[in-house]
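K.L.:
sequence first, then the predicted structure, then my questions.
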Amino acid sequence: MRFSEFNENVIDDIKKKVVGDFKRRKELFGKGKKPKNRYVAEGMEARIQHLEDLVYFEGSRGAARALESLRSLEKGGHVDATIKWDGSPAIIFGNNEQGEFILTDKSGFTAVKYDGKPKSPNKLKDMFLSRSGGSKRSDPGYVSFANNMKNIFNTYKTALPENFEGYYKGDLLYYTTPPINNDGYFEFTPNIVTYQVKQDSELGKKIKASTTGVVVHRILDDKGTEVPITVDLNQVFLGDDVFVFPPQSVQKPAKIDDSKINKMKEMISRDGPELDKLLDEAYLTQMQMKDFPKIIYKYTNGKVDSGFSNLGADFFKWLPGSGVSGKKQQKILEHVKTHTKGWESMWAIMKGLIAVKDDIIQQFDNHDQDVIATIGKNRGGEGYVLTTKGGDMKLVNRGPGGFTAANRAVQR
């Protein structure tokens, strides 16, 4: 299957499931042509946003969508929440236009000063060991990593259909079949999260038959154009040696305090108009501060280091050192003063959503299910991806003890 042929199927699927009335544009995906634009369709966002961030990216509409999505997790909607696997390293593998197999990582795929698309196991190993001026060659841990990557090269090459053109982008979960721990679970730790999988589960049976495991996110062409995966890759790959992890749904619903949901719903309905004035895109564009939501995102993401304490309250203490120009800082200050109610409501709604979300995550993490994730001695993993009609969103604990804080604390 050529990349261009694959795209025809992907676009039809996107048209039905995501974009609705999207009209196929010849300049993006002409018959027999590869996409020239890095986007699949207008309005599609490659990044999956944190649920609470929808408040400042989409205003009251996003807040309402986030709230209803949380409510659904109590009434059967939990099956739409899937485990967000914490894999490492990020790999890209596939066949180029000449039919040559390549296995590399993100840095290699986009490299311009060296050949980052190795076509043999030895070249792959040498690519890694040549980085940082070759200083890594004396690091036993890094040499072991380079050898592990060398060893899986032919396994992935053999598993990929020869007539496939394009690349898969994903995260490696294990190089070799994981060992069974004292509790009788398959156990592997690709990054900071340790996963235990029941041997007799469907996932466990696939792991047992495999040599290496990967979670795949996207498909790419030589220029890096990305499109979503809409097929079961385990029906595409040859043999059992490479196990492409399918979406693993949460197996039990959450219990939600309806009084909190109703209070949040009332708040969004009451304060939504003021929130939307604060985030009005046309006005922000006119004032040359269209990136206002992105600035809020940068601030919010930085709050992970302080455990989300005083969220929103110290924004203007953070702003001077944020890299935002002095002129724009003054505009933001004046804008917030004019829309104080919307500003205060935005943070109140976010805090309410975070509280409900974190409680749900804790319940999911502690359920008895086929996959148990832990960070250190604590239950919990990277989080979950929730699929909704309006688009996917991430459910991640960004507070103290959560994945984001633990991941940022790792020295790499």
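P.N.:
It's in. Remember, it's a predicted structure, so these values are computed and weren't measured experimentally.
K.L.:
make it CA atoms for all contacts and neighbour counts henceforth
P.N.:
Noted.
K.L.:
what is the lengthiest helix in the chain packed up against?
P.N.:
Longest helix of the chain, by residue count under DSSP state H: helix 340-366. In this structure, helix 340-366 makes packing contacts with helix 54-72, helix 258-278, judged by 3 or more C-alpha pairs under 8 Å, 6 or more residues apart in numbering; DSSP states H and E.
K.L.:
for the most centrally placed residue in the chain, which residues are in contact?
P.N.:
Closest residue to the average C-alpha location of the chain: residue 48 at 5.8 Å, with C-alpha atoms, centre = their mean. Residue 48 makes contact with 392, 393, 394, according to C-alpha atoms under 8 Å, 6 or more residues apart in numbering.
K.L.:
what about it, distance to residue 373?
P.N.:
21 Å (C-alpha to C-alpha, to the nearest Å).
K.L.:
so for the residue nearest to the centre of the chain, what pLDDT did the model give?
P.N.:
Looking at residue 48, its pLDDT reads 88.
K.L.:
same question, residue 309
P.N.:
88.
K.L.:
ok, now which ones touch it?
P.N.:
residue 303.
K.L.:
residue numbering should commence at 287 henceforth.
P.N.:
New numbering, starting at 287: the last item is residue 595.
K.L.:
number of nearby residues for the closest residue to residue 557 other than its chain neighbours?
P.N.:
Among residues not flanking residue 557 along the chain, residue 631 sits closest, at 6.4 Å (C-alpha to C-alpha, 6 or more residues apart in numbering). Residue 631 has 19 neighbours, counted by other C-alpha atoms under 10 Å.
K.L.:
from what I can see residue 631 touches residue 556, true?
P.N.:
No. With contact defined as C-alpha atoms under 8 Å, residue 631 does not count as touching residue 556 (9.6 Å).
K.L.:
please enumerate the strands of the chain.
P.N.:
335-336, 367-369, 376-381, 387-391, 452-460, 471-474, 480-484, 498-506, 512-514, 528-530, 657-661, 664-665, 670-672, 679-681 (DSSP state E).
K.L.:
identify the residues contacting the first one?
P.N.:
Going back to what we said before, that points to strand 335-336. 678, 679, 680, 681, 682.
K.L.:
how near is the first one to residue 501?
P.N.:
Between residue 678 and residue 501 the distance is 17 Å, computed by C-alpha to C-alpha.
K.L.:
neighbour count winner among these two?
P.N.:
Neighbours per residue, other C-alpha under 10 Å: of residue 678 and residue 501, the larger number sits with residue 501, 23 against 18.
K.L.:
can you name the residues bridging to that one?
P.N.:
residue 457 (DSSP bridges).
K.L.:
just checking, it touches residue 457?
P.N.:
Yes. Here residue 501 reaches residue 457: they are 5.4 Å apart, a contact under C-alpha under 8 Å.
K.L.:
identify the contacts common to the two.
P.N.:
residue 373.
K.L.:
so, low pLDDT: which residues of the stretch 387-536 of the chain?
P.N.:
Residues of the stretch 387-536 of the chain meeting the criterion pLDDT under 70: none.
K.L.:
show me where it has its helices.
P.N.:
392-395, 407-415, 426-445, 488-495 (DSSP state H, counting those that start in this stretch).
K.L.:
quick one, what contacts residue 530?
P.N.:
Per C-alpha under 8 Å, 6+ apart, neighbours of residue 530: 499, 500, 501, 502, 519, 520.
K.L.:
what of residue 559?
P.N.:
346, 628.
K.L.:
go again with 10 Å.
P.N.:
345, 346, 627, 628 (C-alpha atoms under 10 Å, 6 or more residues apart in numbering).
K.L.:
ok, now residue 456?
P.N.:
373-379, 391-392, 500-505, 530.
K.L.:
need phi/psi at the nearest residue to residue 540 once chain neighbours are set aside.
P.N.:
Excluding its sequence neighbours, the residue lying closest to residue 540 (C-alpha to C-alpha, 6+ apart) is residue 360, at 4.9 Å. The phi and psi values for residue 360, taken as degrees, to the nearest 10, are phi -90, psi -20.
K.L.:
pLDDT averaged over stretch 353-373 - what is it?
P.N.:
94.
K.L.:
does residue 627 touch residue 556 like I think?
P.N.:
No. Using C-alpha atoms under 10 Å as the test, residue 627 is too far from residue 556 to be in contact (11.0 Å).
K.L.:
so the two - more neighbours on which side?
P.N.:
residue 627 (16 against 12).
K.L.:
ok, the more buried one to residue 560 distance?
P.N.:
Counting by C-alpha to C-alpha - residue 627 and residue 560 are separated by 6 Å.
K.L.:
now residue 524
P.N.:
55 Å.
K.L.:
and for residue 352?
P.N.:
For residue 352 relative to residue 560 (C-alpha to C-alpha), the value is 18 Å.
K.L.:
same check on residue 626?
P.N.:
9 Å.
K.L.:
need the overlap of contacts for those two.
P.N.:
By C-alpha under 10 Å, 6+ apart, the residues touching both residue 626 and residue 560 are residue 632.
K.L.:
so between those two, which is more surrounded?
P.N.:
residue 560 (21 against 15).
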